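K.L.:
predicted coordinates and the sequence they were generated for:
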Amino acid sequence: MHPIITRARNENRVFLTEIEAKELLGQSGIEINHTVLAVSGAEAASVSREMGFPVVLKIASPDILHKQDSGGVALGLQNEAEVARAYDRIISGAKRNSPSAQISGVSVQKMLPPGAEVIIGMHKDAQFGPVLLFGLGGIWVEVLEDTALRVIPVTRRDTEAMIKEIRGYKLLTGYRGQPPVDTARLAEYLLKVAGFAGSYPEIKELDLNPVLAYPDGAVAVDARVILEEV
């Protein structure tokens, strides 16, 4: 069992924080947007200065899964003063909206250039076991429900087919002057997630959403991991 999972088990948690999930998934070889935990506005400002602006702040809590909906996200912060104010606003909002939530602080990460947003995930089906998922990411996964599924284990041919199956595939191949994204890297990431799921049977569900896909690579911006209950 991985030390991160062991710690969560010892704390009777089934949800990993974003930072824990990213650290765990980053070991699979998937490129993850580097994220640092800050426990004060001053620390968040200092971390942001070292990273370089603009940055993103997000509430760090295993009990708050929908960070955007709860006002726990601040985007495009351009200087230390903005970061410090955003930190206080996020923490106070989290305490007000989720008074019983365990709050670790705020995660700080570099704001990346826009890219095509996709989701790569896995969930355990009661009948079929681990199932791999791919689709358009961000809010689109909930609005359009445009996803492709495969029962794990999968092959490279399977992951390439999954990408082409979604209705939004045209958006990934270059649309209205936009460059095509690196679908070969996305197929590779799907394979890595499938292998990762097999290595850690304690994981019930995981998703990387969004993964920002570019013409020459892809980076996971957010990550979520849910463990099996014991």
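P.N.:
Structure received.

K.L.:
touching stretch 159-179 from outside, list them.
P.N.:
116, 118, 132, 134-136, 140, 144, 146-150, 180-181, 183, 186-188, 190-191, 194, 213, 215 (CB atoms under 8 Å, 6 or more residues apart in numbering). To be clear about C-beta, it is placed using only N, CA and C from the backbone, and glycine gets the same treatment.

K.L.:
now with 10 Å?
P.N.:
For stretch 159-179, the external contacting residues (CB atoms under 10 Å, 6 or more residues apart in numbering) are 115-118, 120, 132-137, 140, 144-150, 154-155, 180-184, 186-194, 213-216.

K.L.:
can you dump the C-alpha atoms of the top strand by length along the chain in PDB for me?
P.N.:
Taking DSSP state E as the criterion, the chain has its longest strand at strand 203-214. What follows is strand 203-214, C-alpha atoms only, in PDB (Å, rounded to 0.1, in the frame of the first residue of the first chain):
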ATOM      1  CA  ILE A 203      -8.700   2.900  -5.300                       C
ATOM      2  CA  LYS A 204     -12.400   3.000  -6.100                       C
ATOM      3  CA  GLU A 205     -12.500   6.000  -8.400                       C
ATOM      4  CA  LEU A 206     -10.100   8.500  -9.900                       C
ATOM      5  CA  ASP A 207     -10.200  11.200 -12.400                       C
ATOM      6  CA  LEU A 208      -7.900  13.700 -14.000                       C
ATOM      7  CA  ASN A 209     -10.200  16.600 -14.900                       C
ATOM      8  CA  PRO A 210      -9.300  18.700 -16.700                       C
ATOM      9  CA  VAL A 211      -6.300  17.400 -18.600                       C
ATOM     10  CA  LEU A 212      -5.100  20.300 -20.800                       C
ATOM     11  CA  ALA A 213      -4.200  18.800 -24.200                       C
ATOM     12  CA  TYR A 214      -1.800  20.700 -26.400                       C
END
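
K.L.:
mind listing what's buried along the helix or strand following it?
P.N.:
Sequence order places strand 217-220 as the next helix or strand after strand 203-214, per DSSP states H and E. Within strand 217-220, the residues that qualify as buried are 218-220, counting by 16 or more other CB atoms under 10 Å.

K.L.:
noted, bye for now.
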